[in-house]
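[1] Quick one: sequence plus predicted model below, questions after.
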Number of protein chains: 2
Amino acid sequence: MPKRKNVPSSVIRRLPRYYRFIGELEKSGFSRISSKELSLRMGLTASQIRQDLNCFGEFGQQGYGYNVPQLHEQIGGILGVAKHYPLIIIGAGNIGRAIALNIDFESLGFSLSGIFDIQPSIIGQRIKNITVRPITELEDFCNENKPKTAVLTIPQTAAPDITERLVSAGVIGFWNFSHYDISNRYPNVAVENVHFGDSAMTLCYRIKDIDENSDK
Amino acid sequence: MPKRKNVPSSVIRRLPRYYRFIGELEKSGFSRISSKELSLRMGLTASQIRQDLNCFGEFGQQGYGYNVPQLHEQIGGILGVAKHYPLIIIGAGNIGRAIALNIDFESLGFSLSGIFDIQPSIIGQRIKNITVRPITELEDFCNENKPKTAVLTIPQTAAPDITERLVSAGVIGFWNFSHYDISNRYPNVAVENVHFGDSAMTLCYRIKDIDENSDK
């Protein structure tokens, strides 16, 4: 797969959805699908799908559509879902705990290797067979286990210091649930933000829009 | 504020971030800020900020910058953060519970009015002073309380049926944590998706990219 540089971020962001959809097709027993059929199911145009996938090489065969299991495996390879990058969770409050318990990291390219917190009442608890460690042990743990990725489920005020410590310890990717703007400060690390508040406010705007227009 | 129609979705999606940043400036005692200073802090260009805000009317004064408390209030008004749209959570598992406990809905345009589940062991529990109700009471509750918004923290397999019931009961907005594609089926409701798996896979792709390029 030679074409890889400068893939637009919007295309990268759509890849997991392709992976999910095609995985579901595979589970339902599809062995082949046309780009038109796939486009109908995904609510995208067939040309959009072809364009997106073309960023990563040649897929499918003119007139024959896509081989479903093969395409699923190829997109999985592009995403790196079999990579098992060691990952740690910083913050074992409600959100951190829910993420630890509900996310199947192994199927998403990661392997959960540590959970840290600052609260004495939380430290020592076991979540998914992992004992929550005190944040004071962070550097020793990173030296030994070399996590590439950290999930931040901590308050915004604690985030700058922790982020600095994690970057120094070799972390190159953040799944950021805090409101701290990591990319501004560290342009060379990978950051995926999940900003619940922003998402809820965007929804509020849209509901207000529907609500106000239906009054007229 | 006359200009409102056809605001690009990318602009809408940036509004909450403006609201947060400007709120933080206000808390730090700023009364006025230039678009240049704001742009440096937010990692956007000054012209991008002016363009974005121009979609909603006139803000700031040439040469004088923005009045911080006023701009914060105006953007809050555009988003509808004081609306208190009644909202229900469907699914009180780990994620639903964490969302109920950690999200300050009142500051984001909503008011949490009900929580539903299907598990006998969860029904009757109290979360944030709200008793978890059985899903069988959904229609009666909606008739009485008219929730506009539902948070879906349920498995994908349960989502089509529940979504249909909610839309029939008058729900016009979904905060969707399931993998069910609501927009495809109901193009006229507002949907904000939070797809943890997609987000984690996007992060994996980016880490892989950094990792592979640093090997060279």
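    Cool, got the structure.
[2] so where's chain A uncertain?
    A:1-5, A:215-216 (pLDDT under 70).
[3] partner strands of the lengthiest strand in it, parallel or antiparallel?
    Selection of the longest strand in chain A by residue count, based on DSSP state E, yields strand A:110-117. Here strand A:110-117 is paired, per DSSP bridges, with strand A:85-90 (parallel), strand A:130-134 (parallel).
[4] Remind me what the next helix-or-strand element following that strand packs against, helices and strands.
    Sequence order places strand A:126-127 as the next helix or strand after strand A:110-117, per DSSP states H and E. Helices and strands touching strand A:126-127, by 3 or more CB pairs under 8 Å, 6 or more residues apart in numbering or on different chains; DSSP states H and E, are helix A:94-102. In short, each C-beta sits where N, CA and C put it, glycine included.
[5] Can you give the contact residues for the helix it packs on?
    Helix A:94-102 is contacted by residues A:89-90, A:92, A:112, A:115, A:117, A:127-128, A:130, A:151, A:153, A:177, B:93-95, B:97-98, B:101-102, B:196 when judged by CB atoms under 8 Å, 6 or more residues apart in numbering or on different chains.
[6] what does stretch A:113-126 give?
    Residues outside stretch A:113-126 that contact it (CB under 8 Å, 6+ apart): A:86-93, A:96, A:100, A:127, A:130-135, A:137-138, A:141, A:145, A:147, A:158.
[7] Swap in 10 Å and give it another go.
    A:84-93, A:96-97, A:99-100, A:105, A:127-128, A:130-138, A:141-142, A:144-147, A:149-151, A:153-154, A:158, A:162 (CB atoms under 10 Å, 6 or more residues apart in numbering or on different chains).
[8] and the angle from the longest strand of chain A to helix A:94-102?
    If you take axes from the mean of the first three to the mean of the last three CA atoms, to 10 degrees, strand A:110-117 sits at 150 degrees to helix A:94-102.
[9] list the buried ones in strand A:110-117?
    A:110, A:112-117 (16 or more other CB atoms under 10 Å in any protein chain shown).
[10] Let me know the closest of those residues to chain B.
    A:F110 (6.7 Å; CB to the nearest CB).
[11] number of nearby residues for the residue lying closest to the closest one once chain neighbours are set aside?
    Excluding its sequence neighbours, the residue lying closest to A:F110 (CB to CB, 6 or more residues apart in numbering or on different chains) is A:L87, at 4.2 Å. Using other CB atoms under 10 Å in any protein chain shown, the number of residues around A:L87 comes to 26.
[12] contacting residues for A:L87?
    Taking CB under 10 Å, 6+ apart, we find A:L87 in contact with A:103, A:105, A:108-114, A:147-151, A:171, A:173, A:175, B:200, B:203-204, B:207.
[13] now with 7 Å?
    Counting by CB atoms under 7 Å, 6 or more residues apart in numbering or on different chains, A:L87 makes contact with A:105, A:110-113, A:147, A:149, A:151.
[14] go on, A:Y180?
    A:156, A:159-160, A:163.
[15] Let me see the backbone angles for it.
    Main-chain torsions, A:Y180, degrees, to the nearest 10: phi -70, psi 140.
[16] Just the buried residues out of the contacts of stretch A:113-126, in PyMOL syntax.
    In PyMOL syntax, the buried subset of these is picked out as below (16+ other CB under 10 Å):
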select buried, chain A and resi 85+86+87+88+89+90+91+92+93+96+97+99+100+105+127+130+132+133+135+138+141+142+147+149+150+151+153+154+158+162
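[17] Make JSON lines from the contacts of A:Y180 and add neighbour count and secondary structure to it.
    Shown next, in JSON lines, are those (neighbours: other CB atoms under 10 Å in any protein chain shown; DSSP: H, G, I helix; E, B strand; the rest coil):
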{"residue": "A:Q156", "neighbour count": "13", "secondary structure": "helix"}
{"residue": "A:A159", "neighbour count": "21", "secondary structure": "helix"}
{"residue": "A:P160", "neighbour count": "14", "secondary structure": "helix"}
{"residue": "A:T163", "neighbour count": "25", "secondary structure": "helix"}
